[in-house]
Structure formats: C-alpha cells, structure tokens
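Visitor: using only what follows, build the 3D model:
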Amino acid sequence: MEKNSSLNDLMRSTLDRVREMADVNTIVGQPITTPDGVTLIPVSRVSFGFGSGGGSYGKTSEGFAGGGAAGVKIDPVAFLTIRDGITRVLPVAAPPLNTVDRVIDAAPDIMTRVENYFDKSRERKAREQEQEAD
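Guide: The predicted model follows:
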C-alpha cells in the first residue's frame, strides 16, 4: 500500500510542476501597451508532456525508488494588436506557402480597405446632397 502512495505522490508532484509551467498566461500573455496607444497581446502554442515511474527494491517497504520528468515547449504564434478599437492578428510564423494561405492572411486587410471605400463613398454622397440642398 505504501508503494502505491509513494508513486502517486511522485506523479502528483510532477503534474503540479507541469501546471505551474503551462498556465493560461503562457498561452495568452499579459497585454503590453506601447507609448503610441497600441495594445499587444502575445499568443503562443504550448506543448507539454510528463512521465514518472517507480518501484520498490529489496525486502523492505522502504526500498522505493522513483523518478519523474516533465517538459514544456512554447512556440510564439501571433500577436493580437488593438489600435483605436480595431483588433488584428499579426502572425509570427513563416510566410504562407500557397495562394490560399496568402488570401486568408490578406482577408482582414482587404475587409478594412473595402470598409474605408464604402465610408468614403457615403461621405461623398452626403456632401453632394448637402451641396444640392444649398
């Protein structure tokens, strides 16, 4: 019974250490505000693994030996940027490899340009209507 208790304690201790290393602040980091008012939020991919084991040796129950190991890999993925209420994703990864990836990466920028075009068109029409009314 004591052998299992020692192994359970070892595994619990290893898992506690992994939890400490891979908390939510590791995946989505703390916001950073630049002097010009841009907020950056780092986003990472976290992979982790652990293993532990043990056994008793000798004729007494006190001959327990065990070991545990854990590893964490953190890869930066992107930054969320917030400026003037507009949020964008700035990927950290290598540039896209094919046309579809390029289109997907460019979509937010294209949408912003289309919105600006329509906003300018509405402003122009409003000015023209004001001029006609005068």
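Visitor: tally of neighbours for Gln131?
Guide: Residues lying near Gln131 (other CB atoms under 10 Å) number 8. Where C-beta positions appear, they are placed from N, C-alpha and C, glycine not excepted.
Visitor: pull the longest strand from this structure.
Guide: strand 64-83 (DSSP state E).
Visitor: can you give me the helices in this protein?
Guide: 2-21, 24-27, 99-133 (DSSP state H).
Visitor: got the angle for the longest strand of the chain vs helix 2-21?
Guide: In terms of direction (axes from the mean of the first three to the mean of the last three CA atoms, to 10 degrees), strand 64-83 departs from helix 2-21 by 20 degrees.
Visitor: nearest residue to Ala70 other than its sequence neighbours?
Guide: What sits nearest to Ala70 in space, not counting adjacent residues and going by CB to CB, 6 or more residues apart in numbering, is Phe50, at 4.0 Å.
Visitor: list the contacts for that neighbour?
Guide: 14-15, 18, 68-71 (CB atoms under 8 Å, 6 or more residues apart in numbering).
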